[in-house]
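Student: give me a 3D structure for the following:
(2 chains)
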There are 2 protein chains.
Amino acid sequence: MIGEKTKELLLANEADLIIPAENVATVLYNHPLEHALLVLSKVGYNQIPVLDSDDRLVGLISLSNIVNRMMGLTGFDVKLLENLTVADVMEVNVPCVAENDLEEILHLLVNRPFLPKIDQNGVFCGIITRKEVLKSVNHLVHQLEKEYVLLAKAPLKNHA
Amino acid sequence: MIGEKTKELLLANEADLIIPAENVATVLYNHPLEHALLVLSKVGYNQIPVLDSDDRLVGLISLSNIVNRMMGLTGFDVKLLENLTVADVMEVNVPCVAENDLEEILHLLVNRPFLPKIDQNGVFCGIITRKEVLKSVNHLVHQLEKEYVLLAKAPLKNHA
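Tutor: Here you go, the predicted structure:
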């Protein structure tokens, strides 16, 4: 469990924690794979959300997913992407968050560069990134002992 | 400045913070670009360090760097990588750390997925990743109010 004061410091800029959907590059699941490659190379991110036509999150697609499909017996070939769509290579069953549950977010971000946020209908709302969380962590660790005296609960050991 | 007790909690598993060079995939600056593409697609990372023949860090190369060079006038073409080496597309002047300076690490990781660590001769020692730092952050935020009572220094406002 994360203590209340710790949470308060971490969430001081909670409004900035989520990058809203309108500012996130996405592709549709039925887009041609070469289109997704173009989008990914333009936006400069390694991985972006995949939506259906009702804006529901259905997966994530990364440059790795696409480049792996370009590998033929004699080397890489973009022609191998022909007739493939985003749905053919995207990662599904991606962990999402529905609420700003700090414990869950910090736990899941250990293994993912970002977390999609969805509403109760599965509609994509935005992403929570390691970048924004690390900004909050910087705030926490710099403010903590400025704002609080930390009194050890257990008998003092070597941190007097 | 980060307080001493905060640092102690963050560095409780300091030994795990750095992934040593022998466990990190790298390429040489004079490798053909298609070889780097192969390595990147195999390792599943978006970006890896580039070394010279004396193991000194000279840059980073990412899938994006390579895919962008594959973009021709009529679409993507792997042939455009022919005769190019890693040095032609790698990112140079990459921020590195020489010591485990926690403030610097947490600051730089806001904008980078990982930080290369080098010794005084520029030799690549390993990387510090957001993943490992976020593990430490999880330890910090969960232990903080278990181990310490936080007494507000300023007059109490709404966090009684």
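
Student: going forward, measure contacts and count neighbours with C-alpha atoms only.
Tutor: Will do.

Student: what angle sits between the helix with the most length in chain A and helix B:130-147?
Tutor: The longest helix of chain A (DSSP state H) is helix A:130-147. Calculated by axes from the mean of the first three to the mean of the last three C-alpha atoms, to 10 degrees, helix A:130-147 forms an angle of 30 degrees with helix B:130-147.

Student: and helix A:130-147, what other elements does it pack with?
Tutor: Packing partners of helix A:130-147 (3 or more C-alpha pairs under 8 Å, 6 or more residues apart in numbering or on different chains; DSSP states H and E): helix A:4-10, helix B:4-10, helix B:102-108.

Student: can you name the element that comes right after the last one?
Tutor: It stands for helix B:102-108. strand B:114-118 (DSSP states H and E).

Student: that older thread, and of the helices and strands packed on helix A:130-147, who's closest to B:Arg56?
Tutor: Counting by C-alpha to C-alpha, B:Arg56 lies closest to helix B:102-108 out of those; the figure is 20.3 Å.

Student: tell me the phi and psi of A:Glu91?
Tutor: Backbone torsions of A:Glu91, given as degrees, to the nearest 10, read phi -90, psi 130.

Student: about what we covered before: got the helices and strands packed on helix A:130-147 as TSV, with distance to B:Val58, mean pLDDT and mean neighbour count columns?
Tutor: Shown next, in TSV, are the helices and strands packed on helix A:130-147 (distance: least, C-alpha to C-alpha, whole Å; pLDDT from 0 to 100; neighbours: other C-alpha atoms under 10 Å in any protein chain shown):
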stretch	distance to B:Val58	mean pLDDT	mean neighbour count
helix A:4-10	36	89	17
helix B:4-10	30	89	17
helix B:102-108	18	94	16
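
Student: between those helices, which one is nearest to A:Leu115?
Tutor: Smallest distance to A:Leu115 across the helices and strands packed on helix A:130-147 (C-alpha to C-alpha): 17.2 Å, for helix A:4-10.

Student: which residues does the closest one contact?
Tutor: If you take C-alpha atoms under 8 Å, 6 or more residues apart in numbering or on different chains as the criterion, helix A:4-10 is touched by A:102, A:136-137, A:139-140, A:143-144, B:141, B:144-145, B:150, B:159.

Student: if you set the cut-off to 10 Å instead, what comes out?
Tutor: If you take C-alpha atoms under 10 Å, 6 or more residues apart in numbering or on different chains as the criterion, helix A:4-10 is touched by A:11, A:14, A:17, A:102-103, A:133-144, A:147-148, B:140-142, B:144-145, B:150-152, B:159-160.
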